[in-house]
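> Mind folding the following:
(2 chains)
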Amino acid sequence: MTQPPPRNDSAIMTPALAIRSLSHDFIAADGGATPVLDRLDIAVAPGEILAIVGRSGAGKSTLFNIISGLLRPRSGRIEIGGVPAGTGNSRIAYMLQKDLLLPWRSVLDNALLGIELRGNVGAADRADAIAMLDRYGLAAQINAYPHEISGGQRQRVALTRTLLLRPTVLLLDEPFSALDYETRLMLEDDVMSLRDERGMSVVLVTHDIEEAIAMSDRVVVLAGRPARVSQDIAIGLTTPGRRDAISAREAPEFRAYHARIWGALKSTAIAA
Amino acid sequence: MSAQIDTAAPPRPRTRRASPHRLRNLVQNAAVAAIVLAGLALWQIAADRHLINGQLFGSPLGILASARQGLTTGTLLYDSWVTLYETVAGLLLGSITGTGCGLGLWFVPKIARPAEGVSIVLNSVPKIALGPLIVIWFGSGMSSKIWLAAISTFAVSMIAATASVRELDRDLLNLFRALGASRGKIFRKLILPSAVPWIFSALRMNIGFALIGAVVGEYIASQAGLGHEVFVAGSLFDLNTVWLGIIVLTLMASLLTLIVRLIEERFVTWKSDR
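The predicted structure is shown next:
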């Protein structure tokens, strides 16, 4: 089954996330400014998975911090669902490589942290959390502490904490890079399934080209200093049946996309 | 139909054998007790045969006699209670205010760095030298000893609390901010719980400092307390009573450390090394 290249119809529908002419500098201790992002324009359609790849220091995490409101950009703006970030009803949630579970809280209490910080936890929230943890095979561990479960399980608790907020845009900053290969594939599948079920948009930052191609509808390559969008590649993979982490990697187009993205990264490395 | 082969090992019969770890501990404790008893016996023999000057070194049986007399007259229990009260009150006062100041600095980051510098300078002041001043300000009663114990513990608690804030994972702080947490919620749900192991660690160290503060205060001016008893006995060359005071102070410090450890184990159940 050939999957249609991207739901990249952001031109006609309001994008779930829009980055408009975004520029940002790092300010050194002596007051000197080093530009890191230069007039980025990226739009993510509702239900789209977009991967951002780039070399270390390309400003990917800075971009994430700006989208999630932790940093104020030098210029440009972020729109969520067509309105400036932080003003509408749309919700952004993010997840990092580190699971960031609180060691003094049980698995269930960690999963409920996001809801607790935004308001009060009700019985329905608790039931939702237990159901989601059950889905991830963590029903028996809801009262365990983070140090009592495996790395993959901890990352699933972090994913549950993120998803319980019912985000319209999910930001993933290399969330699976510290995990073993098998667990990583399972979690990639989880994210793809959740996108299909809930229609949320996902922005994935990764160093792993294979992960970017396997999971996403579109790959944006950030390059140069300051970083600009050097390539915007729509991903269309032919898979037998539903596309998942394994079938995507076995698609005939996979290697060609890999070579193209690798080439883009390599040329930026040489240029740098 | 496929046959299933049970590859699981048969269950082992449960036996009540002592684990090698427990056995090793038992042997170690017995060896320590034997060494201590042998040392005490040698000390007593040397004192009885005048191989050492009993007036200058005391003797185990002399210490026992002093203990019996102290218990009979009630002075030993009363003095122990006075010193324990001063130590615990000073420990709590210094540790709570020090921890409160250290954690409170999170709300005012601009003064956090200079205030931390001040707490380090404060910690390097020899607190014993402040003894005469404290006694003049607060009198020769129990309050001057409590203040001296509190001053001896304040800086350690404050330094530990500021360190717990400084060492906090920035990504955790960013996560809380990205989730829209208010400053109050960040403090209650992140800063405070993450400081708990630091607070207990400082508390354990402070037991010794508080005890020193209380005893030194009693040396300087007092009517009761183990420090007072030790000071008076030392002046009279009653070395057996001096030894008795030292032993009771050591037991007191051990007891307080044990209590703090038990409270920590009760509240910090989530640490991976437990």
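
> ok so A:Lys225 is a helix residue?
Just to correct that, residue A:225 is Arg rather than Lys. No: the assignment for A:Arg225 by DSSP: H, G, I helix; E, B strand; the rest coil gives coil, which leaves it out of any helix.

> so what's it up against?
A:Pro35, A:Val36, A:Gly57, A:Ala58, A:Ala272 (Cβ atoms under 8 Å, 6 or more residues apart in numbering or on different chains). (C-beta placed from N, C-alpha, C; glycine too.)

> Mind checking which of those residues are in helices?
Residues from these lying in helices, with DSSP state H as the criterion: none.

> closest to A:Ile209 among these?
Taking Cβ to Cβ as the measure, A:Ala58 is the one of the contacts of A:Arg225 closest to A:Ile209, at 13.9 Å.

> ok, back up a step: between the contacts of A:Arg225, which has the least confident prediction?
On pLDDT alone, A:Ala272 ranks lowest of those, at 45.

> In three-state terms, label the closest residue to B:Lys271 other than its chain neighbours for me.
Excluding its sequence neighbours, the residue lying closest to B:Lys271 (Cβ to Cβ, 6 or more residues apart in numbering or on different chains) is B:Pro197, at 6.8 Å. Assigned by three-state DSSP, the conformation of B:Pro197 is helix.

> pLDDT below threshold where in chain A?
Applying pLDDT under 70 to chain A picks out residues A:1-12, A:86-90, A:268-272.

> residues from the stretch 101-250 of chain A in reach of chain B?
Proximity of the stretch 101-250 of chain A to chain B (Cβ under 8 Å from any Cβ of the partner chain) is limited to residues A:Leu102, A:Pro103, A:Trp104, A:Arg105, A:Leu113, A:Gly114, A:Glu116, A:Leu117, A:Arg118, A:Tyr145, A:His147, A:Leu165.

> Distance of A:Ile213 relative to A:Asp189?
According to Cβ to Cβ, to the nearest Å, A:Ile213 and A:Asp189 sit 15 Å apart.

> Of these two, which one has the most company?
A:Ile213 (25 against 18; other Cβ atoms under 10 Å in any protein chain shown).

> counting contacts, what elements does the helix or strand harbouring that one pack onto?
Element membership of A:Ile213, judged by DSSP states H and E, is helix A:209-215. Here helix A:209-215 touches strand A:49-54, helix A:181-198, strand A:201-206, helix A:245-249, helix A:254-271, going by 3 or more Cβ pairs under 8 Å, 6 or more residues apart in numbering or on different chains; DSSP states H and E.

> Tell me which of these sits nearest to B:Ile63.
Ranking the helices and strands packed on helix A:209-215 by proximity to B:Ile63 (Cβ to Cβ) places helix A:181-198 first, at 63.7 Å.

> which residue packs closest to A:Asp128, ignoring adjacent ones?
By the measure of Cβ to Cβ, 6+ apart, the closest residue to A:Asp128 outside its immediate chain neighbours is A:Leu164, 6.2 Å from it.

> what residues are up against that neighbour?
By Cβ under 8 Å, 6+ apart, A:Leu164 lies in contact with A:Ala111, A:Leu112, A:Gly114, A:Ile115, A:Asp125, A:Asp128, A:Ala129, A:Met132.

> give me the number of residues near the fifth one?
Close neighbours of A:Asp125, defined as other Cβ under 10 Å, add up to 17.

> For it, what is the enclosing helix or strand?
helix A:123-135.

> Tell me the buried residues in that helix?
By neighbour count, with 16 or more other Cβ atoms under 10 Å in any protein chain shown as the criterion, the buried positions of helix A:123-135 are A:Asp125, A:Arg126, A:Asp128, A:Ala129, A:Ile130, A:Met132, A:Leu133.

> Run through the neighbouring helices and strands of it.
helix A:107-111, helix A:151-163.

> Now do the residue in the stretch 51-200 of chain A that chain B sits nearest to against A:Asn110, distance only.
Closest residue of the stretch 51-200 of chain A to chain B, Cβ to the nearest Cβ: A:His147 (3.7 Å). For A:His147, the distance to A:Asn110 equals 12 Å [Cβ to Cβ].
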